[in-house]
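K.L.:
pasting the sequence and the predicted model now:
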Amino acid sequence: MRGRRPRPAPVSPRTTLALKVARKTAEAENIQSFELVDPAGKALPPFAAGSHLDVHVPGGKIRQYSLCNPPGERHRYLIAVMRAEPTRGGSRAMHEQVKEGDLIEVSAPKNHFPLVESAKHSLLIAGGIGITPILCMAEHLAGLGADFEMHYFARSPARAAFVERIKRSTFADHAFFHFTEEEKQQRLDLAVLLQTHDAGMHLYVCGGEAFMNAVIDTALQKGWRKDRVHREYFSVEKRESDSNVEFDVTIASTGRTIRIPADKTVLTALADYGIHITASCEQGVCGTCVTRVLEGEPQHRDVFLSDDEKNRNDRFTPCCSRANSRTLVLDL
């Protein structure tokens, strides 16, 4: 009888891994997938459905990409990247500079979008590149024999990734495609889709911010409970800064007060004075830069903190959020 394989030591989400790009594949128009493996062939840290990696892309930026392979796999991580237009540089670097055979630094898997496996029924809705965590969830739920449906919205088949993989999957009968360029038609489809529900159902949505807002707004209008609606952001639409005003930030450890100009984020303004806060997405999506607020009232502009967390006003995201009070005292 074979001996039991020793269980690997747990890996901290802060750990970084140098992985090899084993395969780079064009999955759809402007979408490339990247299969990442350990260069020595070792098993990778496990991950759950809904997990993502922090990827250190060429040029020093860090971006978050969801894992889209079945969560039981330990020999690889699969991510997919849509080339965004306009781009902040991360997706362009992944598409143009990262090649097969390259080594790329990533975090251990993190999960801000977990599945409730005990749900009576799971409704999975993906918009465009939002299919990546949703596909992973579908793979996992299918393996559990759970009751679920997956609905994939995209402008056209040519712009939808993993269509053939979904059609060949064991859950193909639970997967439905909605290909339309018309926002009005998408909203009509969503209204029908979200009409019927009960307390045992959970809704998961991932995609562009406008699409996700449409899904969530429709669900709430149809009477879905807010705690049964789960979302995952890749990015957020750029907010206009015309209404920004100056305010002060005081560093609690030193008592030093720094003026935050209207045209700079707290993150950038503090860095100008040598005070660096670890950050990643710089859009209020990932939560890497969340900082404790000891005094003052933040003006929350992120999508990471929950409504309850925002109402407590004891944390904020200095990459994008500002202040309603004249001064914020930060636990730095």
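P.N.:
Happy to help now that I have it. Being a predicted model, the structure only gives us computed values, none of them experimental.

K.L.:
which stretches of the stretch 201-332 of the chain form helices?
P.N.:
209-221, 266-272, 307-312 (DSSP state H, counting those that start in this stretch).

K.L.:
so where is this protein shaky, pLDDT-wise?
P.N.:
Low-confidence segments of the chain, defined by pLDDT under 70: 1-14, 86-89, 234-242.

K.L.:
contacting residues for residue 17?
P.N.:
Residue 17 makes contact with 38, 44-45, 105-108, according to Cβ atoms under 8 Å, 6 or more residues apart in numbering. Where C-beta positions appear, they are placed from N, C-alpha and C, glycine not excepted.

K.L.:
what about the longest strand in this structure?
P.N.:
strand 16-28 (DSSP state E).

K.L.:
returning to what we had before: which one of the helices of the stretch 201-332 of the chain lies nearest to residue 197?
P.N.:
helix 209-221 (8.0 Å; Cβ to Cβ).

K.L.:
what sits up against that closest one?
P.N.:
Contacts for helix 209-221 (Cβ under 8 Å, 6+ apart): 125, 127-128, 130, 153, 183, 186-187, 190-191, 194, 203, 205-207, 226, 229, 231, 233, 235-237, 303.

K.L.:
kindly recompute the last result at 7 Å.
P.N.:
With Cβ atoms under 7 Å, 6 or more residues apart in numbering as the contact definition, helix 209-221 has outside contacts at 125, 127, 153, 187, 190-191, 194, 203, 205, 226, 229, 231, 233, 236-237.

K.L.:
so what strands line up beside the next helix-or-strand element following the longest strand of the chain?
P.N.:
Next helix or strand after strand 16-28 toward the C-terminus (DSSP states H and E): strand 31-37. Strand 31-37 has its sheet partners listed here by DSSP bridges as strand 16-28 (antiparallel), strand 77-82 (antiparallel).

K.L.:
what about the spatially closest residue to residue 300 that is not a sequence neighbour, neighbour count?
P.N.:
Excluding the flanking residues, the one nearest residue 300 by Cβ to Cβ, 6 or more residues apart in numbering is residue 310, at 4.5 Å. Per other Cβ atoms under 10 Å, the neighbour tally for residue 310 reads 17.

K.L.:
now residue 289
P.N.:
Neighbourhood size, residue 289 [other Cβ under 10 Å]: 23.

K.L.:
so it makes contact with residue 316?
P.N.:
No - using Cβ atoms under 7 Å, residue 289 is not in contact with residue 316, being 9.2 Å away.

K.L.:
just say which of the strands paired with strand 31-37 is most tucked in.
P.N.:
strand 77-82 (a mean of 24; mean count of other Cβ atoms under 10 Å).

K.L.:
how far out from the middle of the chain is it?
P.N.:
12 Å (Cα atoms, centre = their mean, to the nearest Å).

K.L.:
helix or strand next in line after that strand, which one?
P.N.:
Strand 77-82 is succeeded, C-terminally, by helix 90-96 (DSSP H and E).

K.L.:
which parts of that following helix are buried?
P.N.:
90-95 (16 or more other Cβ atoms under 10 Å).

K.L.:
ok, residue 233 to residue 29 distance?
P.N.:
Plainly put, residue 233 is 22 Å away from residue 29 if you go by Cβ to Cβ, to the nearest Å.

K.L.:
more crowded one of these two?
P.N.:
The residue with more neighbours, out of residue 233 and residue 29 and counting by other Cβ under 10 Å, is residue 233; that gives 22 against 14.

K.L.:
how far out from the middle of the chain is the longest strand of the chain?
P.N.:
18 Å.

K.L.:
only C-alpha atoms, please: export it in PDB.
P.N.:
What follows is strand 16-28, C-alpha atoms only, in PDB (Å, rounded to 0.1, in the frame of the first residue of the first chain):
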ATOM      1  CA  THR A  16       4.600  35.400  -3.800                       C
ATOM      2  CA  LEU A  17       5.300  32.600  -6.300                       C
ATOM      3  CA  ALA A  18       7.500  32.700  -9.400                       C
ATOM      4  CA  LEU A  19       5.600  30.700 -11.900                       C
ATOM      5  CA  LYS A  20       6.300  29.800 -15.600                       C
ATOM      6  CA  VAL A  21       3.900  30.700 -18.400                       C
ATOM      7  CA  ALA A  22       3.400  27.200 -19.800                       C
ATOM      8  CA  ARG A  23       0.800  28.300 -22.400                       C
ATOM      9  CA  LYS A  24      -0.600  31.500 -23.700                       C
ATOM     10  CA  THR A  25      -3.800  31.100 -25.700                       C
ATOM     11  CA  ALA A  26      -6.100  33.400 -27.700                       C
ATOM     12  CA  GLU A  27      -9.500  32.600 -26.200                       C
ATOM     13  CA  ALA A  28     -11.600  35.300 -27.900                       C
END
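
K.L.:
show me the strands in the stretch 101-250 of the chain, by range?
P.N.:
103-107, 121-127, 148-154, 175-179, 201-207, 229-233, 247-251 (DSSP state E, counting those that start in this stretch).

K.L.:
and residue 138, which of those strands is closest to it?
P.N.:
Among these, strand 148-154 comes nearest to residue 138, with 4.7 Å by Cβ to Cβ.
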